[in-house]
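> Here's a sequence, model it:
(chains A and B)
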Amino acid sequence: NAGVTQTPKFQVLKTGQSMTLQCAQDMNHEYMSWYRQDPGMGLRLIHYSVGAGITDQGEVPNGYNVSRSTTEDFPLRLLSAAPSQTSVYFCASRLQGFNTEAFFGQGTRLTVV
Amino acid sequence: AQKVTQAQTEISVVEKEDVTLDCVYETRDTTYYLFWYKQPPSGELVFLIRRNSFDEQNEISGRYSWNFQKSTSSFNFTITASQVVDSAVYFCALSAFIQGAQKLVFGQGTRLTINP
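Numbers count the residues shown, from 1 in each chain, chains lettered A, B, ... in the order given. From the prediction side, this is the model:
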């Protein structure tokens, strides 16, 4: 099993550019989410999805869009990158139910200059 | 509010010392789960343990042990006889229904450095 696959691993963007971070999982998990990790802030929830066609905002959604057309894929779009979006991004998936562990991708280190 | 606090930003100890990482949480729910994750220097997040709110038994796994106390809303993690390979950032997390949806809320993380 590949688990959760995130691409790319590293990315440098110029302010105002757009891009999509890809996330795919092969565990048939209903629940997927995106976090950003910043020093001293832990992991903060950006967006999440409880199943195909259903998405909702997390703690820090501004500047990001998501969609969930299939169970497997949950891409994160930056519409107009800003330096404040420089961060490490993690995609996670888990089975439905708050007792389940989350499986994480390897992370994407994004720098916006 | 659902919140997790890891007050220790960084801890540095010498190999073979015991070390305890603190985790304090806030929730109004009576049913919830607590987790610990490890993030080694390579960057991935690794699941360590899960504990539900009704199970206050301490857990031991090799050199790792966890102490869950509902009375103080704490879920502390102890590494006995620490090793250099234990160097990592450790996250405590709370899983509960928040605003009608299941969410996993993380603490700020504790960076643990084990010096040889």
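> residue boundaries of the strands in chain B?
B:3-5, B:10-14, B:19-21, B:24-26, B:33-39, B:46-52, B:59-61, B:64-69, B:74-79, B:88-98, B:101-106, B:110-115 (DSSP state E).
> Quickly run through the sheet partners of the third one, with directions.
Right, the one you point to is strand B:19-21. When sheet partners are counted by DSSP bridges, strand B:19-21 sits next to strand B:74-79 (antiparallel).
> pull the CA atoms of the strand it pairs with into PDB?
Output for strand B:74-79, consisting of C-alpha atoms alone and laid out as PDB, is shown next (Å, rounded to 0.1, in the frame of the first residue of the first chain):
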ATOM      1  CA  SER B  74      -3.500  15.800  30.900                       C
ATOM      2  CA  PHE B  75      -2.000  13.100  28.700                       C
ATOM      3  CA  ASN B  76       1.700  13.000  29.300                       C
ATOM      4  CA  PHE B  77       4.300  11.000  27.500                       C
ATOM      5  CA  THR B  78       7.500   9.600  29.100                       C
ATOM      6  CA  ILE B  79      10.500   8.200  27.400                       C
END
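> if we look at it, which residues are touching it?
B:18-25, B:34, B:36, B:48, B:51, B:63-69, B:86, B:90, B:92, B:112 (CB atoms under 8 Å, 6 or more residues apart in numbering or on different chains). Using the backbone N, CA and C atoms, a C-beta is placed for each residue, glycine as well.
> Please work out the angle formed by the directions of the host helix or strand of residue A:32 and strand B:101-106.
Following DSSP states H and E, one finds residue A:32 within strand A:31-38. Between strand A:31-38 and strand B:101-106, the angle formed by their directions is 30 degrees, by axes from the mean of the first three to the mean of the last three CA atoms, to 10 degrees.
> how about the strands of chain B in a markdown table, adding mean pLDDT and mean neighbour count?
As requested, the strands of chain B are arranged in a markdown table below (pLDDT from 0 to 100; neighbours: other CB atoms under 10 Å in any protein chain shown):
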| stretch | mean pLDDT | mean neighbour count |
| --- | --- | --- |
| strand B:3-5 | 95 | 17 |
| strand B:10-14 | 97 | 13 |
| strand B:19-21 | 98 | 18 |
| strand B:24-26 | 97 | 17 |
| strand B:33-39 | 96 | 21 |
| strand B:46-52 | 93 | 16 |
| strand B:59-61 | 88 | 11 |
| strand B:64-69 | 94 | 17 |
| strand B:74-79 | 96 | 20 |
| strand B:88-98 | 92 | 22 |
| strand B:101-106 | 89 | 21 |
| strand B:110-115 | 98 | 17 |
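> quick one: low-confidence ranges for chain A?
Flagging of chain A using pLDDT under 70 yields the residue ranges A:1.
> make it 90
Low-confidence regions of chain A, defined here as pLDDT under 90, cover residues A:1-2, A:39-41, A:96-100.
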